[in-house]
Structures are given as C-alpha cells and as structure tokens.
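**Student:** Got a sequence here, can you build the structure:
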Amino acid sequence: MLLKFREKNLNLTHQSMIGSSLFSARHRWWLWVAACYPWMTLQGHNLPDTLVHREASTQESLMPFRWDTLAVQTMENLWESALWPSLLDRNSSLHSSVKPWNALHLPQELRGFRTMDPGRSLGRWAWPGSSNRSLWSFVSEGKDVGLRLDPLLSLGLGIETDSLVTTLQNTRGIRLLGFMGNRLRFQSSIGLHNPIYPLYLHEIILQDTIAPGLGLARRIGQEPGGRVWDFYASQAMLSWQINPRFQVQWGHGKNFIGYGYRSMLLSDFAPAYTHLRLQAHWGPVQYQYYIAQMLDYSSPRILPLGQRWISERYRHQKYCSISYLDWNLTSGLQVGLFQAIVWPAQDTLGHRGPGWNYLNPLLFMIPMQFANGSDGNAVVGINTGYRWGRQQAYAQWVLDELRMKDLLSGNPSWANKFAFQAGIRGWTSVSGQGFRWQAEINGARPFTYAHWSGATNYAHQNSALAHPMGANFVEGLGSITWFRGSWAVSLRHLIAQQGRSDSTARNTGNNIHAPYWSNANTDEPYPWLNGIPVRLTQGELTVSKLLDPLTGLRLELTTWWRNRHSTNPWAQGQYGQGSLGLNVTLLTRLDNFYHDF
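**Tutor:** Below is the predicted model:
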C-alpha cells in the first residue's frame with residue numbers, strides 16, 4: 001500500500017528534492033528537451049532480451065544472488081561479495097570500482113530477471129518473489145514499455161546491554177522500476193522510518209540530527225527520553241543509455257568509488273544527493289563525471305527573502321564536481337585518477353549558482369581553481385587494484401593539501417592533509433559457494449577533508465563523503481563470509497584509534513565539519529593521532545537466509561558488540577561506550593548503512 005505523506009513531514013524531503021535549481025529557469029529548456037528526447041526517439045524500439053524476462057539456464061537458476069537488470073541504484077556489500085568469483089576473474093573487463101554498476105555491463109551469468117507477462121492491460125499482481133514475480137508488474141505486448149513495483153521492508157526487534165529499551169527496525173516503503181524502449185530505465189523508492197536505535201547511534205543522531213546514511217531525522221514526542229525517530233528517505237534515478245559506450249544518469253542517489261569496504265575517495269556513507277552522472281567507455285578506459293548539489297548543515301540556517309518565520313529557514317547549499325578516470329592497464333592491473341572540487345552556493349553577494357567553470361566534464365579542475373583564486377576545496381587521489389588468482393590487492397591515496405618543505409623536513413604540519421587505504425580481498429570454494437574474505441587498513445591525517453567552513457568541506461548533511469570517522473584516525477578491519485545456497489554467515493570486526501579534543505576544546509583535526517582555523521594553532525605540530533587517544537573496537541556476526549534474490553529480501557539474525565574507550569579519565573566519561581546487542585530482522589537490503597564508526 002502506498003505511503004500517505006503528511007504535510008508536517010514534507011519539509012524533511014523538500015531540501016533533498018531541489019536538484020532542479022542547479023540551473024536557472026531560463027536555462028532549463030534544454031533539460032526538458034533532453035528528458036523528452038528519448039521518449040520521442042525510442043518509440044517502437046523493442047527492449048533486448050537483456051532486460052525482459054527469459055528462461056534462465058540451470059546454472060543461473062541456482063545462483064543465490066543475482067543483479068537486477070532493471071535496477072539503476074543498487075549497492076550492498078553482502079550482495080557484491082557473493083559475485084566476487086566473477087568480478088575478481090582476470091578475464092573480467094568490468095570497472096567494478098565504480099558503483100552503482102550498470103547492470104548491462106555485468107557478465108551474463110550475474111544478471112537477474114523478473115517474470116513479466118506481456119499483454120495484460122491492467123498488469124499482474126503476485127506475492128513478492130513467488131514464481132520470480134514482483135508485487136505488481138506490467139509490460140506492453142510489444143515489450144517496449146514496462147513497470148515493476150516491489151515492497152521495501154525492514155521490520156525487526158533487538159536488545160542491547162547499554163539500555164533497557166528494546167531496539168526496533170520499522171521501515172515501510174516501495175520501489176518502482178521501469179523501462180521505455182531499449183535505452184531508458186528508471187528507479188524510484190521511498191520509505192518511512194520509525195526506528196529505535198541502539199543507545200550509541202541514538203546519541204550520534206541527537207548530536208548531528210542526521211540518521212547515518214538516510215538524512216534529517218526528528219524524534220516523535222517531546223519527552224527528553226524519547227527514543228523513536230521519524231523520517232522519510234527517498235531515492236530516484238533516471239538512466240539514459242545513449243549508445244553502448246555513453247550513459248547519462250540524473251536523480252537523487254549515492255555513489256561509491258573503490259574496491260574496499262570503505263572508500264577514502266567517495267563513499268556511500270552520506271545521505272543521497274541530487275546529481276548528474278555521465279559515464280563513457282573507450283576500450284579499457286571508463287570515465288565518470290558527476291555534478292552534484294549538496295547541503296551544508298553545519299552553518300547557520302538562512303531566512304528566505306520576505307519570510308519572517310524562523311521555523312521556515314532553509315539550509316545552505318553547496319556544489320561538488322567530481323571526475324574519475326578508470327583504466328584497465330592489463331588484465332590484472334587497474335588504475336584510477338580522481339579529482340573533486342567543492343564550492344559554496346552563496347557568498348557575500350548572495351546566490352552564486354553552480355559555477356560554469358566546473359561544469360566542463362573534461363576539465364583538469366586544479367588549474368581552474370587556482371585561476372579563480374583558490375575558490376573552493378580541491379581533493380585529488382588515486383585508486384588502484386591488482387588481481388591474480390582468486391585475490392585482489394587494492395589501495396587508495398588522497399591528497400587534500402600538501403606543504404612539501406614541512407613533509408620533507410619531517411614537520412607534522414596541519415597543512416599536510418592526506419589519507420590512504422590498503423587492502424586485499426579474495427574467495428575460496430571450500431564448501432557451498434565458498435568463502436569471501438577481506439582485510440584492509442584506512443587512515444587520514446588531521447584536518448583532511450576539512451576546509452574554511454561546512455560550505456566547502458568534503459561532506460554532505462553533516463556526513464562525510466569519504467570515511468565515516470572523518471580524519472585524524474587509523475583503522476584496521478577484516479571480514480569473512482560463507483555462502484551456501486541461500487544461506488550466508490558473515491563476521492566483520494574492526495579496531496580503530498582516533499585523536500579527539502580534550503576539555504579545552506582544542507581542535508585536533510578529527511572533526512571535518514569544524515573550520516580548520518577554529519581553535520587551532522597553525523604554528524604547532526599536528527602529528528597523526530594528536531589529541532586524546534580514543535580506541536574503538538566493534539564487530540558483528542550475521543546469519544541470513546535470502547528470500548528474494550532480486551530485492552535482497554532476507555531474514556537476518558545479528559549479534560554485535562562495541563567498545564569505545566580512552567585511558568584519559570575525562571575522555572572516558574565523554575567518549576566511553578560499551579554495549580552488546582542482538583537483532584532479528586526481516587529486511588529488503590538495497591543499500592549499505594554503516595553503524596561501525
């Protein structure tokens with residue numbers, strides 16, 4: 001059943017749906033032409049067999065996980081790791097570091113299909129997942145137009161030792177997928193969330209007002225001890241495959257660049273944002289360009305022109321332009337080059353607009369930023385991977401700012417801002433579909449990703465665009481997953497240490513939302529992990545039973561543990577946490593939600 005919007009909740013989604021303001025009204029005419037063009041040109045084109053249902057081979061029908069061919073926006077770690085035997089093959093030409101993937105570029109054996117009966121004027125209703133059908137589906141007799149409707153659920157109960165409150169997962173939503181012709185696909189989803197989180201997550205949301213990975217949240221009721229949160233979350237993407245080598249996507253969603261569990265370049269930790277994505281292929285080279293509109297939640301809210309009510313103040317906006325070139329140099333070696341610029345949407349003269357200097361998808365952005373007077377925050381980086389046998393080693397290096405004389409002299413200056421990642425992953429076929437294993441280390445120096453203010457830092461809605469911990473940390477993590485049929489058993493554990501501020505509120509560079517000049521002495525050295533050391537140990541063990549391969553619907557039993565402590569008495573009282581929990585959940589998992597930071 002469709003969710004009924006309440007007027008009092010519309011303000012939660014208003015800011016996330018304003019992507020059309022990227023361009024002034026007089027320049028929007030070409031967007032309408034671009035949107036209408038595929039509708040005018042794709043009439044009469046039949047959808048190829050790669051998108052409509054066909055009879056699966058015996059090998060494909062036995063696969064526990066399959067990638068939905070119609071899906072435009074899907075990223076999920078367990079789902080992805082099930083496909084590693086194909087992705088880590090040296091013969092695979094897929095640029096798997098760029099997510100979400102284009103399902104049409106996946107190997108044939110990884111693609112999933114729904115049964116869709118053509119010629120039914122009112123479509124067909126079915127129990128979701130039964131006989132490989134959606135809740136409702138429609139496909140025209142000529143198979144050139146189709147729609148699918150699937151429910152999105154996350155319903156579960158849990159307990160934890162840190163409080164006497166029963167935790168709750170309570171999400172109800174829908175997902176609509178469709179196609180028109182052989183080039184146009186779209187996906188739209190919305191969910192209403194009313195969870196009761198574990199105490200440590202509850203305290204994080206109280207501080208940031210953001211549910212990790214989902215967006216702005218508020219508590220139900222006015223009592224101080226209220227634990228039930230209330231918010232909507234939505235995503236929508238339109239994909240236009242202009243030709244086999246060029247694709248355009250527009251909408252509200254997430255992106256990820258890298259081979260690891262984390263990404264130091266661009267991760268899917270932050271809530272969804274409105275963006276345009278261009279993707280082009282030249283043989284072994286794939287090029288990505290993103291232009292995005294994001295929100296700054298750390299700056300004071302703005303009163304609209306002519307508006308007197310403080311409650312109607314809106315959030316600051318900012319823009320981000322990203323380009324990424326991924327090159328399969330050999331059958332085993334992949335190298336990617338990354339650059340990003342973040343700049344504010346407002347200055348002392350008022351609204352600035354998206355900035356035409358950075359709308360060129362082929363531009364080297366750093367020289368242009370320098371020519372503009374170092375306008376905005378620039379981040380560059382490298383992503384690499386090497387496959388051999390059944391393994392892949394991978395690494396990332398990110399440069400935010402660098403002062404060479406201090407680096408060469410060994411002086412840990414605040415201006416030397418960089419981050420790194422190194423890891424290895426692989427699979428074995430010991431039993432069933434085998435084991436997937438992964439180990440990686442991540443780290444970021446103080447003040448990395450931070451800038452003048454929240455209007456130019458590398459973040460969106462008080463959430464990091466890279467690693468959830470921000471900066472001034474080192475983290476090591478490992479995971480192992482066993483698949484057998486539709487069953488999976490997964491164990492993940494991490495150990496991290498971060499330098500935090502003491503009672504004097506001295507800026508140690510860990511908070512990327514604070515200006516790097518605020519409460520900081522630039523004449524002092526800022527070594528890695530400076531400040532009060534705070535150590536985090538966290539992990540989880542999950543047993544899951546897959547119920548529907550194409551929506552990720554599964555039943556999960558999860559036990560988790562978390563311990564954050566410090567040897568400093570003041571810091572232990574300020575940052576100390578320790579809890580053990582158990583959850584049972586029936587959920588549709590299409591995205592990653594990170595609670596281990």
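**Student:** in stretch 559-577, what's buried?
**Tutor:** W560, R562, R564, H565, S566, N568, A571, Y575, Q577 (16 or more other CB atoms under 10 Å). C-beta here means a position set from N, CA and C on the backbone, and glycine is covered the same way.
**Student:** for stretch 227-241, same thing?
**Tutor:** Neighbour-count burial for stretch 227-241 [16+ other CB under 10 Å]: 227, 229-241.
**Student:** Could you do stretch 188-197 as well?
**Tutor:** Within stretch 188-197, the residues scored as buried using 16+ other CB under 10 Å are S188, S189, I190, G191, L192, H193, P195, I196, Y197.
**Student:** and what of stretch 97-106?
**Tutor:** Neighbour-count burial for stretch 97-106, counted by 16+ other CB under 10 Å, picks out S97, V98, K99, P100, W101, N102, A103, L104, L106.
**Student:** hmm, back to that, which of the buried residues of stretch 559-577 fall within strands?
**Tutor:** In this view, the buried residues of stretch 559-577 that belong to strands under DSSP state E are W560, R562, R564, H565, Q577.
**Student:** Least confident of the buried residues of stretch 559-577?
**Tutor:** Here the lowest pLDDT out of those sits on A571, with 79.
**Student:** is it true that that residue touches R535?
**Tutor:** No - contact criterion CB atoms under 8 Å: A571 and R535 do not qualify, at 10.4 Å.
**Student:** among the buried residues of stretch 559-577, which two are most distant?
**Tutor:** Greatest spatial distance in these: W560 and N568, 25.9 Å, computed using CB to CB.
**Student:** how far out from the middle of the chain is stretch 79-95?
**Tutor:** 20 Å (CA atoms, centre = their mean, to the nearest Å).
**Student:** who's in contact with it?
**Tutor:** Defining contact as CB atoms under 8 Å, 6 or more residues apart in numbering, one finds that stretch 79-95 is touched by 64-65, 67, 96, 101, 105-107, 109-110, 284, 286, 326, 328, 331-332, 334, 387-388, 390-392, 425-427, 429, 433-434, 436, 438, 481, 483, 488, 552, 589.
**Student:** I'd like to know which helix or strand in the protein has the lowest mean pLDDT.
**Tutor:** Each helix and strand of the chain was given a mean pLDDT (mean pLDDT, DSSP states H and E); the minimum falls on helix 29-41 at a mean of 36.
**Student:** Let's see the pLDDT reported for Q108.
**Tutor:** With respect to pLDDT, Q108 scores 79.
**Student:** repeat for Y516
**Tutor:** You'll see Y516 listed with a pLDDT of 82.
**Student:** Secondary structure element holding it?
**Tutor:** Secondary structure assignment for Y516, by DSSP states H and E: no helix or strand.
**Student:** List the contacts of it.
**Tutor:** Neighbour list for Y516: W414, F447, A450, H451, W452, N507, G509 [criterion: CB under 8 Å, 6+ apart].
**Student:** Tell me the bridge partners for S479.
**Tutor:** Legend: beta-bridge partners of S479 under DSSP bridges are Q438, R492.
**Student:** List the contacts of it.
**Tutor:** Listed by CB under 8 Å, 6+ apart, the contact set of S479 reads Y261, R436, W437, Q438, A439, S490, L491, R492, H493.
**Student:** Ok, H281 next?
**Tutor:** Shown in contact with H281 (CB under 8 Å, 6+ apart): P244, R245, F246, Y287.
**Student:** State the distance from the nearest residue to the first one once chain neighbours are set aside to S579.
**Tutor:** This means P244. Spatially, and ignoring its direct neighbours in sequence, P244 is nearest to H281 (7.7 Å; CB to CB, 6 or more residues apart in numbering). Counting by CB to CB, to the nearest Å, the separation of H281 from S579 is 47 Å.
**Student:** so W482 is in which element?
**Tutor:** W482 belongs to strand 473-484 when assigned by DSSP H and E.
**Student:** Tell me where the stretch 151-300 of the chain has helices.
**Tutor:** For the stretch 151-300 of the chain, the helices defined by DSSP state H, counting those that start in this stretch cover 199-208.
**Student:** And the strand holding W482, what's buried?
**Tutor:** Along strand 473-484, these residues count as buried under the neighbour rule (16+ other CB under 10 Å): F473, V474, E475, L477, G478, S479, T481, W482, F483.
**Student:** so what's the residue lying closest to the fifth one once chain neighbours are set aside up against?
**Tutor:** The shortest distance from G478 to any residue other than its chain neighbours is 4.4 Å, reached at A439 (CB to CB, 6+ apart). Contact partners of A439, counting by CB under 8 Å, 6+ apart, are G423, I424, R425, G476, L477, G478, S479.
**Student:** so who does the residue nearest to V543 when sequence neighbours are not counted touch?
**Tutor:** Ranked by CB to CB, 6+ apart and with sequence neighbours excluded, the top spatial neighbour of V543 is L557, at 4.8 Å. By CB under 8 Å, 6+ apart, the residues touching L557 are T542, V543, S544, L582, N583, V584.
**Student:** Adjacent strands (with direction) for the helix or strand hosting K318?
**Tutor:** Assigned by DSSP H and E, K318 belongs to strand 316-328. Applying DSSP bridges to the sheet, strand 316-328 is found paired with strand 285-296 (antiparallel), strand 333-344 (antiparallel).
**Student:** now that strand, how far from the centre of its chain.
**Tutor:** Relative to its parent chain, strand 316-328 has a centroid offset of 14 Å by CA atoms, centre = their mean.
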